[in-house]
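Asks: just coords:
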């Protein structure tokens with residue numbers, strides 16, 4: 001009988017991120033998506049649409 005490996009979450013590393021690091025990562029992901037798809041994205045426009053839909 002083969003043993004199954006159990007993932008141990010207690011030993012995972014914690015990564016602390018500053019707000020500036022998080023923003024830089026988000027901007028990089030958005031830029032990569034725009035470069036890959038060729039689609040232009042404005043996060044501000046998307047947020048405005050979401051706010052109007054909620055209101």
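Replies: That came in fine, so what should we check first? None of these values were measured; they are calculated from a predicted model.

Asks: name the spans of this protein whose pLDDT lies under the cut-off.
Replies: 1-12, 55 (pLDDT under 70).

Asks: quick check: longest helix of it.
Replies: Ranked by residue count and defined by DSSP state H, the top helix of the chain is helix 19-37.

Asks: gap between whichever helix or strand comes after that one and the chain center?
Replies: Counting by DSSP states H and E, the element after helix 19-37 in chain order, helix or strand, is helix 43-54. With C-alpha atoms, centre = their mean, to the nearest Å as the basis, helix 43-54 stands 18 Å off its chain's centre.

Asks: how near is the closest residue to residue 25 other than its chain neighbours to residue 24?
Replies: Once flanking residues are discounted, residue 25 sits nearest to residue 17: 7.7 Å by C-beta to C-beta, 6 or more residues apart in numbering. For every residue, glycine as well, the C-beta is placed using N, CA and C. Separation of residue 17 from residue 24 (C-beta to C-beta, to the nearest Å): 10 Å.

Asks: now do the SS call for residue 15.
Replies: coil (DSSP: H, G, I helix; E, B strand; the rest coil).
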